[in-house]
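Novice: Quick check, what structure comes out for this input:
(one chain, ligands or ions: 2)
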Amino acid sequence: MRQSTLFGRTLREAPSDATTPGTQLMLRAAIARPLAAGLYTWLPLGFRVARKVEQIIRDEQDRIGAQEIRIPVITPAEYWKETGRWDSLEPVTFRTRDHGGHEYMIGYTHEELVMHHARNEINSYRQLPVMVYHFQEKGRDEQRPRFGVMRGREFLMKDAYSFDIDEAAARRSYNKMFVAYLRTFARMGLKAIPMRAETGPIGGDLSHEFIVLAETGESAVYCDSDVLNLPVPGEEIDYDADLNPIIKQWTSVYAATEDVHDAARFDREVPADKKVHTRGIEVGQIFYFGTKYSDSMKAMVAGADGAEVAVHGGSYGVGVSRLVGAIIEACHDDAGIKWPEAVAPFKAAILNLKQGAEDTDAACEQLYRELNAKGVEVLYDDTDQRAGAKFAAADLIGIPWQILVGPKGLAEGKLELKRRSDGTRENLSPAEVVARLTS
Ligand code: ATP
Ligand code: MG
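Specialist: Residues are numbered from 1 along each chain as shown. Ligands and ions are numbered 1, 2, ... in the order given. So this is what the prediction gives:
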C-alpha cells in the first residue's frame, strides 16, 4: 500500500485523555479512533493487526479440533431468563425491544445461546466431547470504559464452549484449551501467564486468566518466580493424557490475580521467597463450570448406560480487541510501536528519502513492485514529507523492517535495512533486501 493513500493520519501529539503509553500510541499511530466512550473504529492499520490476531486464534482453535460457528449479536431474552442472568446482567448490558415488544440484549457473552443449541444438537454421549467457537462482537456497558480498545463497550471476542459427559472428560477439554491459549499468545510474540482466578458472573469453580505482564496493566497479580521461565508447549503435546507433564508444570507453579479472595480453596500458596507481585493485562479467561447452565437449561445427554445426565460445560474467551491494545502496551519504546512480525500490519516499510528525485523514485517503485509480487506486505512511504518526518512516522507505526532508500546509498547500489525491534541497520543491495525479506 502507498502511504500517500492511507486512510487515517498519524499524530505528533497524543490527545490529552490518553492515559497509558499504549493508548497514546494507538491514537498517534492511527490504529483506532473513538466514536464515543468505549466505542472504537478500527482504521486500516489497526484492522490489519486485528485480523492477524483473529487468524492466529482461529488456527490454534482449529488445531485442537474446535469447530467454528457464528451466533448472533442480538440475543433473545428468553434464553437468559432460563438461567436467571436476564436480571443479574441488567446493569451491564445494552437492551432493546422489537416492534412486537419482544426483549433482546446485545450478547454480553454467549453461554445461554450455545447451550440452547447444544441441547438440540447433542443427545448421546457418543457425540461427545465436542467444542465450538465463534468470533463475535460483545456489548458490555462498562462503568469505566478506558484504556482505549482494551476496555471498550463493544469489542470482538473469541468465545469457545466445550461439552463433555463428565468432570474428568471436561477437565481434559479445559487442559486442551489451556495449551491452545499458551500457544496462541506465544505466536503473537507475547508472554501471557495463566493465573488462578475468580469465576465472577460466569460461575463454576475452576478458572484461569491469561495475563500479559505490563506495569500499566489494570490487574494486580502475583506469581511464583518460576512461572516466568516455563517453556511453551510444542506440537508433540499429548492432550489426552489426564495431566500431561507440560500442563502439570504450568498449573503446579502458582500464579493468581490479587482479587482471588479465597486462595485457600486452590491448590497451594506461593512460598514468600519466591513471590513476585506485579501488574498485567487480562487477555483471556477460561472456565470449567460443570452443569451450571445445562441443569437450568436441561441440556441432557444419554450416557453409556442409557441414563440421562446433564452435560458438563466450559467456556473460553479471548479478547481480540484487547489483545491489539495489550500488544502495543507490551511492545513499544519512546519512538513508537514495535509490532511482533506475526501481527504487524505490514512486514516492511519502504521510505523514499528523496521523493521526486528520479533515481530514488525509480528504485522505490521497482522494490515496491518486486516485494508485492513476492507476497511481502509492504507499506511504501511515497509522501512528500522530509526524511526526518518519514523516519519518525515509520518508528511510530512500528513496521518490523524499514528499507531506507536515499540518493547517497543508491550511488553505491545500496539500500539500508533497519530492524525496528532493536534498531540494527545493514547496507544491502536491493536484491539482498528482497532475499532477506522473502527467506
Ligand atoms: P475484565 O475482568 O477485564 O472486565 P472479564 O473477566 O469480564 O474482563 P471475560 O468475560 O473473561 O472478561 O471475557 C473474556 C475476554 O474478553 C477477556 O479476557 C478480555 O480479553 C476481553 N474483554 C472483556 N471485557 C472487555 C472489554 N470491556 N473490552 C475489551 N475486551 C474485553
Ligand atoms: Mg475475565
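Novice: Write out the residues of the stretch 201-350 of the chain neighbouring ligand 1.
Specialist: E282, V283, G284, Q285, G317, V318, G319, S321, R322 (CB under 6 Å from any ligand atom). (C-beta placed from N, C-alpha, C; glycine too.)
Novice: Mind telling me the two of the residues you listed farthest from one another?
Specialist: Q285 and S321 (14.8 Å; CB to CB).
Novice: Which segments of this structure make up each domain?
Specialist: The chain breaks down into these domains under automatic domain parsing: 3-337, 348-438.
Novice: With mean pLDDT and mean neighbour count as new columns, can these be given to me in JSON lines?
Specialist: Shown next, in JSON lines, are those (pLDDT from 0 to 100; neighbours: other CB atoms under 10 Å):
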{"stretch": "domain 3-337", "mean pLDDT": "92", "mean neighbour count": "18"}
{"stretch": "domain 348-438", "mean pLDDT": "98", "mean neighbour count": "17"}
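Novice: what residues are up against the residue of the stretch 251-400 of the chain found nearest ligand 1?
Specialist: The minimum distance from the stretch 251-400 of the chain to ligand 1, using CB to the nearest ligand atom, falls at G319 (2.4 Å). Residues in contact with G319 (CB atoms under 8 Å, 6 or more residues apart in numbering) are M150, F155, L156, M157, V283, G284.
Novice: wait, A169 sits on H312?
Specialist: Yes. Here A169 lies in contact with H312, judged by CB atoms under 8 Å, at a distance of 7.0 Å.
Novice: wait, doesn't A357 sit right on V405?
Specialist: No. In this structure, A357 is not within contact of V405 by CB under 8 Å, at 10.0 Å.
Novice: Distance of P345 relative to D305?
Specialist: Distance of P345 to D305, computed by CB to CB, to the nearest Å: 55 Å.
Novice: what does E215 give?
Specialist: From E215 to D305 the distance is 55 Å (CB to CB).
Novice: Show only the entries of the residues of the stretch 201-350 of the chain next to ligand 1 found in helices.
Specialist: Mapping those onto helices (DSSP state H) picks out S321, R322.
Novice: what would the residues of the stretch 201-350 of the chain next to ligand 1 look like in CSV with distance to A435?
Specialist: What follows is these, written out as CSV (distance: CB to CB, whole Å):
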residue, distance to A435
E282, 41
V283, 36
G284, 38
Q285, 43
G317, 42
V318, 36
G319, 38
S321, 37
R322, 37
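Novice: And the residues of the stretch 201-350 of the chain next to ligand 1, which is closest to W86?
Specialist: Using CB to CB, those come closest to W86 at G317, 20.2 Å.
Novice: In the sheet, which residues pair with that closest one? Tell me.
Specialist: Assessed by DSSP bridges, G317 has beta-bridge partners D159, Q285.
Novice: wait, doesn't it sit right on G284?
Specialist: Yes. In this structure G317 lies within contact range of G284 using CB under 8 Å: 6.2 Å.
Novice: picking up where we left off before, so which of the contacts of G319 belong to strands?
Specialist: F155, L156, M157, V283, G284 (DSSP state E).
Novice: Pipe the residues you listed into CSV and attach distance to G65 per row.
Specialist: Shown next, in CSV, are those (distance: CB to CB, whole Å):
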residue, distance to G65
F155, 26
L156, 23
M157, 20
V283, 23
G284, 19
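Novice: Tell me the one of those residues nearest W250?
Specialist: G284 (14.2 Å).
Novice: Got phi/psi on the closest residue to M131 other than its chain neighbours?
Specialist: What sits nearest to M131 in space, not counting adjacent residues and going by CB to CB, 6 or more residues apart in numbering, is A66, at 4.0 Å. Main-chain torsions, A66, degrees, to the nearest 10: phi -70, psi 150.
Novice: how close does A66 sit to S173?
Specialist: For A66, the distance to S173 - CB to CB - is 9 Å.
Novice: tell me, what's touching the two both at once?
Specialist: M131.
Novice: got the residues of the stretch 51-200 of the chain near ligand 1?
Specialist: Counting by CB under 6 Å from any ligand atom, the stretch 51-200 of the chain comes close to ligand 1 at T109, R140, E142, M150, R151, G152, F155, M157, G200.
Novice: try it again with 8 Å
Specialist: Counting by CB under 8 Å from any ligand atom, the residues of the stretch 51-200 of the chain close to ligand 1 are 109, 138, 140, 142, 145, 149-153, 155, 157, 159, 197, 200.
Novice: Return the subset of those lying in helices.
Specialist: Reading helices off those, I find no matches (DSSP H).
Novice: helix/strand/coil for I246?
Specialist: At I246 the chain is in helix, as set by DSSP: H, G, I helix; E, B strand; the rest coil.
Novice: Over to the one 10 residues further on?
Specialist: Here A256 is recorded as strand under three-state DSSP.
Novice: For it, give the beta-bridge partners.
Specialist: Listed by DSSP bridges, the beta-bridge partners for A256 are R196, Y222.
Novice: Surely it touches M195?
Specialist: Yes. Taking contacts as CB under 8 Å, A256 lies within contact range of M195: 5.0 Å.
Novice: Are there residues contacting both of the two? Which ones?
Specialist: Listed as contacting both A256 and M195 by CB under 8 Å, 6+ apart are V221, C223.
Novice: Now do the contacts for H208.
Specialist: The contact partners of H208, by CB under 8 Å, 6+ apart, come to F178, P194, M195, R196, A197, Q285, I286.
Novice: One more pass at 7 Å, please.
Specialist: F178, P194, M195, R196, A197, I286 (CB atoms under 7 Å, 6 or more residues apart in numbering).
Novice: All set now, cheers.
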